[in-house]
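Peer 1: compute the structure for the input listed below.
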Amino acid sequence: MIETLSAIGNASLAIVLEAGIWIIVSLFAAGLIHEFLDTSWVRDTLNRSGMSSVTGALVLGALLPMCSCGVVPLAMSLYLSGVRLATVMTFAAATPVINPAAVVLSYALLGPELTLAYVVFGLVAPVAVGFATEHWGGHRLTPVATRLQSCCSETASCCADHAETRRTETASWPHRLRNAMRWGFGEFGPTLGLYIGIGALLAGTVVALVPADWITDYLGGSSSFIPLLFVALFGASIYVCAVAHIPVVAAFLAAGAGPGFGIVFLVTGAATNLPELFALQRILGTRIVVIYVGGLIVLSLLAGWGVNLWLAPNYRPVMDPLRSIQLSDFASNLSPVLPDVVTIVSAAAVLILIIWGAARWVTQKLYAAQ
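Peer 2: Numbers count the residues shown, from 1 in each chain. All right, here's what the predicted structure looks like:
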């Protein structure tokens, strides 16, 4: 029992360590968006009807080397600032699925054919999912989104200062920057931290309890539709970085997995995970999250099935180690390599936000019960 709990804790902590810097950077950007977006041309651009705003979100997301947990604060800040849902969800799906480093590393370790399928899917699926959530998801704000949007939770001063800044066009940049950081880290951060903490614990439980041998035996070698479904569900539940999961896929392929497995896990492993989905559900609502996750899973299954039909009979894993190493090094240069101290400090900051959010939630429940 103690060993199991220790394994779950270690897996959950590893998730926070890997995603911590992206969460902090995104919260910083989220505060800036919340404070400045409504007076910027960016908001008008992202709110345009048709494909223009969605295309802009797709391009922006495809260029950012950011994981799914890190993109959640940024995407939700866009949503709370009034950006249309199709644009927000396209950005949320595209950012973790595809980026330059992932494409180069995929070409190095998975080969040109599978990389081509990965790129095409990474550009098409986010747009489809974005429009699906907007068309069928509805636009009713959840209680959490309403509270965050109004900026009136525990402290009336936050709301008053924010409103005063909005009314005073000549407010200084330092003043507005303080308001942005106050909202990003003092209001949004603990709220999101609580949900990311719960999701990281759930994902750590899955990682710790699902045997690696079971994955290899039952998901690795078959190219039928049912194993692909298990891969999709497993990938949707765990947290993997948008680049770090590619060597995992390459290892499965080298062990005899069908190429369709690669596409399914590349998408679901990067774009969906329990910490992200739990946070999204609290802010966007269950219906939108179901459409988002269901759409990505269904589309990835169809893509995996199609890739198996196309490549499986003659597919061979990449067999040029020197070329793969060279391209892998190039891909690593496209992704920032952070000092250990930055990773640790960022993870510690996220843990503080998780504890802060949990304490605030308990306080609210105790206050409501009185």
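
Peer 1: quick one: find the helix or strand in the chain with the lowest mean pLDDT.
Peer 2: helix 156-167 (a mean of 44; mean pLDDT, DSSP states H and E).

Peer 1: next secondary structure element downstream of that helix?
Peer 2: helix 173-181 (DSSP states H and E).

Peer 1: tell me how far the residue in the chain sticking out farthest from the centre lies from Gln364.
Peer 2: Centroid-distance maximum for the chain: Gln370 at 37.5 Å, with CA atoms, centre = their mean. Going from Gln370 to Gln364 by CB to CB, to the nearest Å gives 11 Å. Bear in mind the C-beta positions are built from the backbone N, C-alpha and C, glycine included.

Peer 1: next: Arg140.
Peer 2: 22 Å.

Peer 1: next: Gly9.
Peer 2: Distance from Gly9 to Gln364, by CB to CB: 26 Å.

Peer 1: do Gly285 as well
Peer 2: For Gly285, the distance to Gln364 - CB to CB - is 20 Å.

Peer 1: ok, these two, which is more surrounded?
Peer 2: Gly285 (19 against 12; other CB atoms under 10 Å).

Peer 1: now the more buried one. Nearest residue, chain neighbours left out?
Peer 2: If the residues on either side of it in the chain are set aside, Gly285 comes closest to Thr142, at 5.0 Å by CB to CB, 6 or more residues apart in numbering.

Peer 1: what's the neighbour count on the one you found?
Peer 2: 15.

Peer 1: which pLDDT value belongs to it?
Peer 2: Predicted confidence (pLDDT) for Thr142: 73.

Peer 1: please apply the same query to Gly295.
Peer 2: pLDDT, Gly295: 91.

Peer 1: which residues touch it?
Peer 2: 125, 128-129, 132-133 (CB atoms under 8 Å, 6 or more residues apart in numbering).

Peer 1: same check, this time on Ser12
Peer 2: 200-201, 203-205.

Peer 1: may I ask which helix or strand encompasses it?
Peer 2: Going by DSSP H and E, Ser12 is part of helix 2-36.

Peer 1: mind listing what's buried in that helix?
Peer 2: 8, 11-12, 14-24, 26-36 (16 or more other CB atoms under 10 Å).

Peer 1: so where is the stretch 101-250 of the chain shaky, pLDDT-wise?
Peer 2: For the stretch 101-250 of the chain, applying pLDDT under 70 flags the ranges 101, 139, 141, 148-171, 199, 203, 206-207, 210-224, 238-245, 247-248.

Peer 1: and Leu109, what element?
Peer 2: Per DSSP H and E: Leu109 is located in helix 100-110.

Peer 1: now Gly306
Peer 2: Gly306 belongs to helix 286-311, assigned by DSSP H and E.

Peer 1: which parts of that helix are buried?
Peer 2: 288-289, 291-293, 295-297, 299-305, 307-308, 311.

Peer 1: and the helix or strand containing Ala86 with helix 100-110, angle?
Peer 2: Assessed by DSSP H and E, Ala86 sits inside helix 85-97. Going by axes from the mean of the first three to the mean of the last three CA atoms, to 10 degrees, helix 85-97 is angled at 50 degrees with respect to helix 100-110.

Peer 1: phi, psi of Leu253?
Peer 2: When read as degrees, to the nearest 10, the backbone of Leu253 gives phi -60, psi -40.

Peer 1: just give me the neighbour total for it.
Peer 2: Neighbours of Leu253 (other CB under 10 Å): 22.

Peer 1: just Leu177 next, same as before
Peer 2: 14.

Peer 1: separation between it and Ile196?
Peer 2: 24 Å.

Peer 1: quick one on the thing from earlier: was I right to think the residue nearest to Gly285 contacts Arg282?
Peer 2: Yes. Using CB atoms under 8 Å, Thr142 is in contact with Arg282, at 6.6 Å.

Peer 1: related to what we said a few turns ago, for the helix holding Ala86, which helices and strands make contact with it?
Peer 2: helix 52-63, helix 68-80, helix 112-136, helix 259-271, helix 286-311 (3 or more CB pairs under 8 Å, 6 or more residues apart in numbering; DSSP states H and E).

Peer 1: let me have the ones you listed in CSV, extended by distance to Ser346.
Peer 2: Output for the helices and strands packed on helix 85-97, formatted as CSV (distance: least, CB to CB, whole Å):
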stretch, distance to Ser346
helix 52-63, 22
helix 68-80, 10
helix 112-136, 26
helix 259-271, 20
helix 286-311, 26
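
Peer 1: most tightly packed of the ones you listed?
Peer 2: Highest mean neighbour count of these: helix 259-271, a mean of 29 (counted as mean count of other CB atoms under 10 Å).

Peer 1: immediately after that helix, which helix or strand?
Peer 2: Helix 259-271 is succeeded, C-terminally, by helix 274-284 (DSSP H and E).

Peer 1: just the C-alpha atoms of stretch 350-368, please, in PDB.
Peer 2: Output in PDB follows, covering the C-alpha atoms of stretch 350-368 (Å, rounded to 0.1, in the frame of the first residue of the first chain):
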ATOM      1  CA  VAL A 350       2.700  25.400  -9.100                       C
ATOM      2  CA  LEU A 351       2.500  23.300  -5.900                       C
ATOM      3  CA  ILE A 352       2.000  26.500  -3.900                       C
ATOM      4  CA  LEU A 353      -0.900  27.400  -6.300                       C
ATOM      5  CA  ILE A 354      -2.300  23.900  -5.900                       C
ATOM      6  CA  ILE A 355      -2.200  24.100  -2.100                       C
ATOM      7  CA  TRP A 356      -3.500  27.700  -2.100                       C
ATOM      8  CA  GLY A 357      -6.400  26.600  -4.400                       C
ATOM      9  CA  ALA A 358      -7.200  23.600  -2.200                       C
ATOM     10  CA  ALA A 359      -7.100  25.700   1.000                       C
ATOM     11  CA  ARG A 360      -9.400  28.300  -0.600                       C
ATOM     12  CA  TRP A 361     -11.800  25.700  -1.700                       C
ATOM     13  CA  VAL A 362     -12.000  24.200   1.900                       C
ATOM     14  CA  THR A 363     -12.400  27.700   3.300                       C
ATOM     15  CA  GLN A 364     -15.300  28.400   1.000                       C
ATOM     16  CA  LYS A 365     -17.000  25.100   1.800                       C
ATOM     17  CA  LEU A 366     -16.600  25.700   5.600                       C
ATOM     18  CA  TYR A 367     -17.900  29.300   5.200                       C
ATOM     19  CA  ALA A 368     -20.900  28.100   3.200                       C
END
